[in-house]
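In: quick check, what structure comes out for this input:
(2 chains)
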2 protein chains.
Amino acid sequence: MSKREIYNFSPGPAALPKEVVLKVKQELADYAGLGYSILEMSHRSKTFVKIIEDCKRKLLNFLNLASGYHVLFFQGGATTEFFRVAYNLLGAGKTADYLETGVWVKKAIQEANNVSQVKVVASSKDEGFSYIPPLDGVEFSPEAEYIYLCSNNTVVGTQYKTFPKPHHGNYLVGDFTSDILSRECDLKDFGVIFAGAQKNLGPAGLVVVILRDDVLKKCRTDISGINSYLTMQEQNSLYNTAPVFQIYFMNLVLDWLEEQGGVKNISKTNAQKASMLYDVIDEHDLFVPTASREHRSLMNVTFKIAREDLTDLFVREAEEVGLVNLKGHRLVGGIRVSNYNAMPLSGIEKLCDFMKKFSQKN
Amino acid sequence: MSKREIYNFSPGPAALPKEVVLKVKQELADYAGLGYSILEMSHRSKTFVKIIEDCKRKLLNFLNLASGYHVLFFQGGATTEFFRVAYNLLGAGKTADYLETGVWVKKAIQEANNVSQVKVVASSKDEGFSYIPPLDGVEFSPEAEYIYLCSNNTVVGTQYKTFPKPHHGNYLVGDFTSDILSRECDLKDFGVIFAGAQKNLGPAGLVVVILRDDVLKKCRTDISGINSYLTMQEQNSLYNTAPVFQIYFMNLVLDWLEEQGGVKNISKTNAQKASMLYDVIDEHDLFVPTASREHRSLMNVTFKIAREDLTDLFVREAEEVGLVNLKGHRLVGGIRVSNYNAMPLSGIEKLCDFMKKFSQKN
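Out: Now for the predicted structure:
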């Protein structure tokens, strides 16, 4: 390890719990006394099938969805689910409503339009995606199969505080890549929840899909194989070689989350960390918040430096004291602080101190 | 590490070079002195972009395809490429010829038929895929966009010794998942080569696609996003979050291969290891080879125990001396010895000794 403590604020692949990284390191060459690495383990071995089952059960328990839901493990990131959700639930003739709140939803719309024509019913594009469109003004389509949203938008740093209500028998589809397991919320209106692993669940290379039982039954049966949710569910996510290492790692992250007191406790810590940062931003004119106040993300705290020419200096001086990867997304600029579950309070405290000093000096 | 040496003959995820596993372990918590893990590194960081470039260059050099080819990194395994190859190169109205030599090609045909109707021009299904159909008897279709084959068939253990010649301006598409970089062969007739990583390249969770320049230019432009080869090539495989760990690992495996003397040297060792095994099989009546002699795979050596009731005993007694994961594929039964690049000669020697003793005793 480096001599000084490093805090990695990367938006994703993001910092992982240190304890988990060290455990993985410790057992990397010999898993459970078998004499070989988890990296070399068959996805059909009893040992791994137990890991997959444990991981599914823990995830559903944490989300309060223990009954009536299915967990599928895929590769290809949330981006591949942008395609697969539409491929399985739409197909020719069917449509869906999309709430456009950032670049990730834009990409989801693009992928869905490769399958069927979907409708953008609300957008915050007019103000650079800096807010979540008010839901009571939205005209949802009666014929929409589902309503699609992205719970937390990493680029500008906005987050839904409440979710729309489904209507006409449809359901919500949610991309929770960047805030799954970070806060308590009622997810019962969601028919599909998916999340790339590389923020709150584990390393990049895994995406988790949670399907409500009635929605699984609505999936197309005229497609088959690797892109079919029905095939993957029937095969317990082992239709093809699973990303063994990523699922093993995620399972350890869920154990770690349990040790932190579960979602209930970590959501309090996350709120506390975010609020410390927003307080510093609000109290210093040098820092200009990027997202609208009522939709501020607890996961990605974004701001600009009032004197923009100081942005690079901020990033550089932060790096010098071990606060790394703070540069904002290339589409927005400024600073982005990623504050996922694995970011310890001490990292945010150190960053707040740095910000105050930086403001004094400049 | 366990006290005794374990040899892992798993067909995939398969044994990885021990030296690489130990190096990864050693640097897992702190990559290159940055103070955090490679698992936490942004796929857009300079450090990682250099890894990706190195990995591409080394792979093409090893394959003698240094000029006029593109390497793309995807997730989802070879199975996802079964779909993507057809999705990018066929589309409505176009067709292709498939050489059906096992379950993996069957799956590839199924995925391609989700996109367009393809034609099975030869099959060894009649004899349980125990041979490669003779190529001179095949009636290829003049209208076929490509000819599809699987270079090495892991289940029964067959392998192409020569490849068909393209005609009418078409090209070969090859699934090289289980024998890439294991033998010297001329790949210039292939327009697309793909390989899941989990045999000869690294851990599961990565698939490499190599596109010849003229074939890349033939890819559909009316599709976009994560399933588009053109999009992925334009974005240097960073259209979405890449599986950073897997690519990093593969890059180290390529360094290791260089240290072994490259493909030239390892192909000799692989041939030697396979020949030792086939000799023992041929010299003992207790062992009955599964694949036809002229198509025997150098990567997956398969056989049955003449007295089938001894199969479980063979597997169990082998395990007791540290020779693990020898059970044949569930569709075939018997014994399968996976003999990929990372399997040391000492493992095969020990297995041959065990087989001889087992034959004497039973």
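
In: is A:Ser123 in a bridge, and if so with what?
Out: Note on A:Ser123: beta-bridge partners A:Glu100, judged by DSSP bridges.

In: hang on, isn't it packed against A:Pro133?
Out: Yes. Using CB atoms under 8 Å, A:Ser123 is in contact with A:Pro133, at 6.5 Å. C-beta coordinates here come from the backbone N, C-alpha and C atoms, glycine included.

In: where does chain A dip in pLDDT?
Out: A:1-3 (pLDDT under 70).

In: try 50
Out: Scanning chain A for pLDDT under 50 picks out A:1-2.

In: before we move on, back to that, who touches both of A:Ser123 and A:Pro133?
Out: Shared contacts of A:Ser123 and A:Pro133 (CB atoms under 8 Å, 6 or more residues apart in numbering or on different chains): A:Leu99, A:Thr101.

In: around chain B, which positions in the stretch 51-200 of chain A sit nearby?
Out: Within the stretch 51-200 of chain A, the positions near chain B by CB under 8 Å from any CB of the partner chain are A:74-80, A:82-83, A:107, A:110-111, A:114, A:196, A:198.

In: nearest to B:Lys268 among the residues you listed?
Out: Closest approach to B:Lys268 among those (CB to CB): A:Gln75, at 34.2 Å.

In: residues contacting that closest one?
Out: If you count contacts by CB under 8 Å, 6+ apart, A:Gln75 has them with A:Gly205, A:Leu206, A:Val207, A:Pro243, B:Gln75, B:Gly76, B:Gly77, B:Thr80, B:Gly205, B:Pro243.

In: pull the contacting residues for A:Glu258.
Out: Each residue near A:Glu258 by CB under 8 Å, 6+ apart is listed here: A:Lys58.

In: measure A:Glu127 to chain B for me?
Out: With distances taken as CB to the nearest CB, to the nearest Å, A:Glu127 is found 26 Å from chain B.

In: let me redo that: A:Leu252
Out: Applying CB to the nearest CB to A:Leu252 and chain B gives a distance of 12 Å.

In: which SSE is that residue in?
Out: Counting by DSSP states H and E, the element that carries A:Leu252 is helix A:244-259.

In: now do that helix and helix B:244-259, the angle between them.
Out: Here helix A:244-259 points in a direction 140 degrees away from that of helix B:244-259 (axes from the mean of the first three to the mean of the last three CA atoms, to 10 degrees).

In: in helix A:244-259, what counts as buried?
Out: For helix A:244-259, a neighbour-count test (16 or more other CB atoms under 10 Å in any protein chain shown) marks A:244-257 as buried.

In: and what of stretch A:303-320?
Out: Buried-residue list, stretch A:303-320, by 16+ other CB under 10 Å: A:Phe303, A:Lys304, A:Ile305, A:Leu310, A:Thr311, A:Phe314, A:Val315, A:Glu317, A:Ala318.

In: what does the stretch 251-362 of chain A have sitting close to chain B?
Out: Within the stretch 251-362 of chain A, the positions lying close to chain B (CB under 8 Å from any CB) are A:Gly322, A:Val324, A:Asn325.

In: rerun at 10 Å
Out: The stretch 251-362 of chain A has residues A:Gly322, A:Val324, A:Asn325, A:Lys327, A:His329, A:Arg330, A:Ala342 near chain B, with proximity defined as CB under 10 Å from any CB of the partner chain.

In: was I right to think A:Pro166 contacts A:Asp189?
Out: Yes. Judged on CB atoms under 10 Å, A:Pro166 makes contact with A:Asp189 at a distance of 5.3 Å.

In: who touches both of the two?
Out: Contact criterion CB atoms under 10 Å, 6 or more residues apart in numbering or on different chains; residues bridging A:Pro166 and A:Asp189 by contacting each: A:Ile147, A:Leu172.

In: would you tell me which helix is longest in chain A?
Out: For chain A, the longest helix by residue count, based on DSSP state H, is helix A:262-283.

In: need the three-state assignment for A:Phe303.
Out: strand (DSSP: H, G, I helix; E, B strand; the rest coil).

In: residues in contact with it?
Out: Contacts of A:Phe303 by CB under 10 Å, 6+ apart are A:157, A:277-278, A:280-282, A:284, A:286-291, A:314, A:328, A:334-337, A:355.

In: pull out the buried members of the residues you listed.
Out: Among the contacts of A:Phe303, those classed as buried by 16+ other CB under 10 Å are A:157, A:277-278, A:280-281, A:284, A:286-287, A:289-291, A:314, A:328, A:334-337, A:355.

In: quick one: which of those residues sit in helices?
Out: Using DSSP H, the buried ones among the contacts of A:Phe303 in helices are A:Leu277, A:Tyr278, A:Val280, A:Ile281, A:Phe314, A:Met355.

In: among those residues, which pair sits farthest apart?
Out: Spanning the widest gap among these are A:Tyr278 and A:Phe314, at 17.0 Å by CB to CB.

In: wait, A:Met299 touches A:Ala342, no?
Out: No. Taking contacts as CB under 10 Å, A:Met299 lies outside contact range of A:Ala342: 11.5 Å.

In: any common contacting residues for the two?
Out: Common contacts of A:Met299 and A:Ala342 (CB under 10 Å, 6+ apart): A:Ala14, A:Lys199, A:Asn200.

In: I'd like to know which of the residues you listed are part of strands.
Out: In strands, judged by DSSP state E, none of the shared contacts of A:Met299 and A:Ala342 are found.

In: ok, and the most crowded of those?
Out: A:Lys199 (32 neighbours; other CB atoms under 10 Å in any protein chain shown).
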